[in-house]
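**Q** Following is a predicted model, sequence given first.
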Amino acid sequence: MKTISAPFPALRLLMTVCMGIIAGVWFSLSVYFWIVLSLASLCLFCFLLVSKLKRQVPEHGLSFTTVVAYSFFVFSSFAAFSDYAFRYVASDTVMSQLGKKVLLYGKVVSRPHRYGNGAQWIFDVREVFSDGESRKATGKIKVFLRLDEGEQLDVEVGDMIRIKGSPARIPGAANPGDFNAHEHYWKQGVHAELFCPGPWVMRNYGIDEHDFFEVTLVRPVRRYISRSIDELVPPGHERQFLKGIFLGQRELLDREVYRQFQAAGTAHVLAVSGLHVGLIVIAMLVLLQRFRTTVAGRWMVFLFIAFVLLVYCSVTENAPSVRRASIMAVVLIGGSVTGRRSFPLNSLAAADLVILSLDPLELFSAGFLMTNTAVASIILLYPTLSRSSTNRNGLKQAIFRPVWNAFSVSLAAVIGVAPVIAWFFGTFSLAGLIANLPVVFLVSCMLYTMLPAFVLNLVLPGLAIYPASSAWFFAKITLGLTDFFGSQHWAVVQIRPDAFDITVYYMAILASLYLLHRQKPVLVLTTLLCTVNYFVWTPVLRAGNSPLLATVTVGRNVALLFSASGSSILIDAGSKLYHQGTINRQMRRSGVEKLDAAVQFASQDSLVAAIGASHYMLSRDKYLVLPDFVLARPHKHLLKLWISDGSSIVFAANINALLRLDSATAERVIVKVKRFGIEEYLRFERWLDTVQPSECIVLSSSGLKERERGLLRYLDEKHEMVTID
C-alpha cells in the first residue's frame, strides 16, 4: 500500500485538510481554540525543524514527530478557517437589519433566474439606508422580485441596483430530508432573503463602471454569445438547450425537458461543467500545438489558456462547476509546463487543495463531491475496466474496442458518483449507464460545431449558419434520445443510503482495487459478494414498524401520516397538486409503502382523491371503517380515530373545535394552531386542566408571531403532556 500511495503527496495533504474542515464544522468549538492549536502546532513544527538542522545529522526525510506536528498545523488551520466561515459573520452585515424596512444598495452577483411569478438573484450589499441614515454594509442576500406574467426584467450580472424591503432569515427544511435552503445558502455566504412585491421598489443604475474587467470583456462576450445563438439557431427547445450549455441558463429550458434529462441521468450536460471546460481546453491545445515546441511557447500557451478560462468563468457567472474544472485544468496544464512528472490523482488532489483554500465550505457542496468522485473513479477504475479490450485483435475487436472504452468511462463515472447522487437527491438513474454514451458524444459534437459559428459570426455571418445548423441538428438528436431514455419506466430508482452505507460502498471499491493490484481475484470476488449481501440484507434487518405519527409540512399546511398494526392512513394532502411529491418522499422516508386510506380534513377533495390509496374519506363522508382503524367526523373541524389496540386520537383544526370535546375524550389530541393570543392561551390551558389528555401535540402555523410562539413555548414548559411540533 505504501508503494501505491507514494507518488501522491497532494492526496495525503488533502485528506488532512478535509478532516480539518469537517472537524471545524462538526464540532461547535470556539474558533480561538483552533487558532491556539494551530499556533502551538506551528511552533512545535518549527522547533523540531530547527533542531534537526542544528544537529547536522544526515537523515532521510523528516522525523515522524515533525510530520505529525505539520499535519496538526494543517488540520487545525483549516478547522479554524471552516469554523469561521460557517459560524461567524461580520458585525456590519445585512443580518443586523432583519425585520427592518431598509433601502439596500449593491451589486447583482448572480444571473436572475426567472420563475412563473417572479425572478430571483443574489445581491451583494454595499450600503444600507435605515433609521434616517446611510452606512456601509456587507453580506449577500437572496432577492425575489414578483413579476406579472410576460413582464420583462432588465437586470444583469454586474448591475448596481437600489432595492427596498425587509430582510428575513432564509427558512430551513420544512420536513426531515427535504432541501434545506438555509444551510445551502449559508454555506455560499448568503445569510438572508428579501421579498419585493414588484419592480417599483427597485432602481437599476446599470453596470458598475469601476469593474473594468466586466465592462470591457465579460459582459460583451456574454451578450455576444447569447445574441449569436438567438440569430443562428431557430426558436425552440434546441435554442434553450444551447444557451444552457454555453451560458448555464438552465432555467430557460422547459420543465418537462429538464425532468427528462434528470430521469435519463444526463442532467450534468445542462450545467456548464468540466465536460465543457475540458472540450474547450482540448480545442485550444490542438490549435496552439505548434507553439508548444519551446519552453517559452509552452508558458505562453499556458497563460493564454488560463486567461481564456478566467474569462469563461466570469461569462458563466463563476458557476461552481466551471470554477472547479478551470482550476483543475490549470493545475494539470501547469504541471506539464514545468516538465515534472504528474499523476492524475495527485493533480486532482492539488486542484482540490486550491479550491478548498479559497472556500473550505465547498467540501460540502454536491457539485464538488460529484465532480471528485466521478473523476477519481474514472482515474482508478477505467484502466481495469478497459483492460479486457486491449488483449484482443481483429476487425471485430477494432470496432468493439472504442465502444467498450467509451462505455468503461461512463461506467466508471457512474460507479463513483452514484452514492453521492443518491445521498443528495434520493434517486439513481439506471438509464444513465447507457444514455451518457450517445448524449455526451452528441453534446461534444454540438460544442465543437457551435464554436466555429461564434467565430464566423464576427466576420462572415452568412457562413456561420452552416456550423450552427449542424449544432442545432446535434441538439435535436440529443433531446430526442433524452426523451426516449427518460420516459422508460425503469430509468429512475428511488434510493437514499445513509453515511455508513456510503462508507461501506467506497471501502469495498478501494479494497477490491487493492486486492486486484495484489493479484488476488478470489479475495476480490469475496469482497464484492460480502458487499452485495450487506446491501441486500440491511434493508430487511432494518425494516420495522413505521413511525406511529409523522407530520408533513406542505406549503402553509400540514398533512398527517399515521401508521399502526401494519396499516397507514394519510390525513390531508396539502393545497397544491405538486405537494404530492413531498408527501411521497416523506412516505418513503418513514417506510410507508402504501396507504390504506386518504382522509380529507382541510384540503380539497380533489387533492385527497388524487392520492394513491385503497380507501378514501372525503368531506361528505362521516365515517370510515377499516380492519385496524375506525374514523368518524362529528364536526367538519374534528376527526376521531379509534385503533384496534384500544387507543384513540382526536384531530382538531383549531382550538375552538377542540373545546367542543367533552371530558370523555381521546388519549391523544392533535390540534392545529393558526393564532395563539392570551385569550386562546387561557381557554386552551383551562381545557387541558379539565380534560387532561395523555398527550397533546400542537401543530403551530408558520405565520405565528414571535409573541405567540413564546406563549406556546411557555405552555409546553408548564404542561408535560404538551408537545410543540
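**A** Nice, I can see it.
**Q** CA only for contacts and neighbour counts going forward, please
**A** Noted.
**Q** Check the burial of residue 637 by counting its neighbours.
**A** Using other CA atoms under 10 Å, residue 637 has 16 neighbouring residues.
**Q** Now it. Nearest residue, chain neighbours left out?
**A** In space, and not counting its chain neighbours, residue 637 is closest to residue 653: 5.1 Å by CA to CA, 6 or more residues apart in numbering.
**Q** That neighbour against residue 640, yeah?
**A** No. Counting by CA atoms under 8 Å, residue 653 stays clear of residue 640, with 11.9 Å between them.
**Q** Please look at residue 332 and residue 347 and confirm they touch.
**A** Yes. Counting by CA under 8 Å, residue 347 is a contact partner of residue 332 at 6.0 Å.
**Q** Contact partners for residue 637?
**A** Each residue near residue 637 by CA atoms under 8 Å, 6 or more residues apart in numbering is listed here: 601, 652, 653, 654, 657.
**Q** can you pick the most crowded of the residues you listed?
**A** residue 652 (25 neighbours).
**Q** you'd agree it is up against residue 673?
**A** No. Counting by CA under 8 Å, residue 652 sits too far from residue 673 to count as a contact (9.3 Å).
**Q** Now residue 372. Nearest residue, chain neighbours left out?
**A** Spatially, and ignoring its direct neighbours in sequence, residue 372 is nearest to residue 348 (7.8 Å; CA to CA, 6+ apart).
**Q** and residue 615, what are its bridge partners?
**A** Beta-bridge partners for residue 615, by DSSP bridges, are residue 597.
**Q** Can you report phi and psi for the closest residue to residue 674 other than its chain neighbours?
**A** Nearest residue to residue 674 in three dimensions, chain neighbours excluded: residue 701, at 5.0 Å (CA to CA, 6+ apart). Here is the backbone geometry of residue 701 (degrees, to the nearest 10): phi -70, psi 150.
**Q** Now do the contacts for residue 701.
**A** Applying CA under 8 Å, 6+ apart, we find residue 701 in contact with 556, 557, 672, 673, 674, 675.
**Q** so residue 487 makes contact with residue 260?
**A** Yes. Judged on CA under 8 Å, residue 487 makes contact with residue 260 at a distance of 6.9 Å.
**Q** Neighbour count: these two, which is higher?
**A** Comparing residue 487 with residue 260 by other CA under 10 Å, the one with more neighbours is residue 260, at 22 against 17.
**Q** Grab the nearest non-local neighbour of that one.
**A** Closest residue in space to residue 260, ignoring its immediate chain neighbours: residue 486 at 4.6 Å, by CA to CA, 6+ apart.
**Q** distance of that neighbour from residue 435?
**A** 9 Å (CA to CA, to the nearest Å).
**Q** Are there residues contacting both of those two? Which ones?
**A** Shared contacts of residue 486 and residue 435 (CA under 8 Å, 6+ apart): residue 264.
**Q** which of those two has more neighbours?
**A** residue 486 (26 against 23).
**Q** The more buried one contacts residue 263, doesn't it?
**A** Yes. Look at residue 486 against residue 263 with CA under 8 Å: they come within range, at 4.7 Å.
**Q** Give me the common contacts of those two.
**A** Shared contacts of residue 486 and residue 263, defined by CA under 8 Å, 6+ apart, are found at residue 431.
**Q** Which strand runs longest in this structure?
**A** Counting by DSSP state E, the longest strand found in the chain is strand 118-130.
**Q** next one: it to chain centre, how far?
**A** Here the centre of strand 118-130 is set off from its chain's centre by 23 Å, with CA atoms, centre = their mean, to the nearest Å.
**Q** One more: stretch 34-47?
**A** 36 Å.
**Q** which residues are contacting it?
**A** Residues outside stretch 34-47 that contact it (CA under 8 Å, 6+ apart): 66, 67, 69, 70, 72, 73, 74, 75, 76, 77, 79, 80.
**Q** now do 7 Å
**A** 66, 69, 70, 72, 73, 76, 77, 79, 80 (CA atoms under 7 Å, 6 or more residues apart in numbering).
**Q** what does stretch 80-91 give?
**A** 21, 24, 25, 31, 34, 35, 187, 360, 361.
**Q** Between which two of these is the distance greatest?
**A** The most widely separated members of the contacts of stretch 80-91, counting by CA to CA, are 35 and 187 (21.1 Å).
**Q** Which residue ranges of the stretch 551-700 of the chain form strands?
**A** For the stretch 551-700 of the chain, applying DSSP state E, counting those that start in this stretch gives strands covering 557-564, 567-571, 595-599, 613-617, 623-625, 629-635, 638-643, 648-652, 668-673, 695-700.
**Q** what's the answer for the stretch 301-450 of the chain, then?
**A** Counting by DSSP E, counting those that start in this stretch, the stretch 301-450 of the chain has strands at residues 427-429.
**Q** Could you pull out the helices in it for me?
**A** Along the stretch 301-450 of the chain, counting by DSSP state H, counting those that start in this stretch, helices occupy 320-337, 344-358, 366-386, 395-425, 432-459.
**Q** Which one, of the ones you listed, ends up nearest to residue 219?
**A** helix 432-459 (15.6 Å).
**Q** That closest one vs helix 395-425, what angle?
**A** Helix 432-459 and helix 395-425 are oriented at 90 degrees to each other (axes from the mean of the first three to the mean of the last three CA atoms, to 10 degrees).
**Q** Just list what helix 432-459 packs against, helices and strands only.
**A** Helix 432-459 makes packing contacts with helix 395-425, helix 461-486 when contacts are defined by 3 or more CA pairs under 7 Å, 6 or more residues apart in numbering; DSSP states H and E.
**Q** can you pull the buried residues of that helix?
**A** 432-433, 435-440, 442-451, 453-454, 456-457 (16 or more other CA atoms under 10 Å).
**Q** tell me the domain boundaries of the chain?
**A** Domains of the chain are assigned by automatic domain parsing as 2-87, 94-210, 214-382+434-489, 499-542, 544-617, 647-725.
**Q** Show the average pLDDT along the first one.
**A** Which is domain 2-87. Averaging pLDDT along domain 2-87 gives 84.
**Q** picking up where we left off before, could the domains of the chain be laid out in TSV, adding distance to residue 406?
**A** Converted to TSV, the domains of the chain look like this (distance: least, CA to CA, whole Å):
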stretch	distance to residue 406
domain 2-87	26
domain 94-210	34
domain 214-382+434-489	7
domain 499-542	21
domain 544-617	35
domain 647-725	51
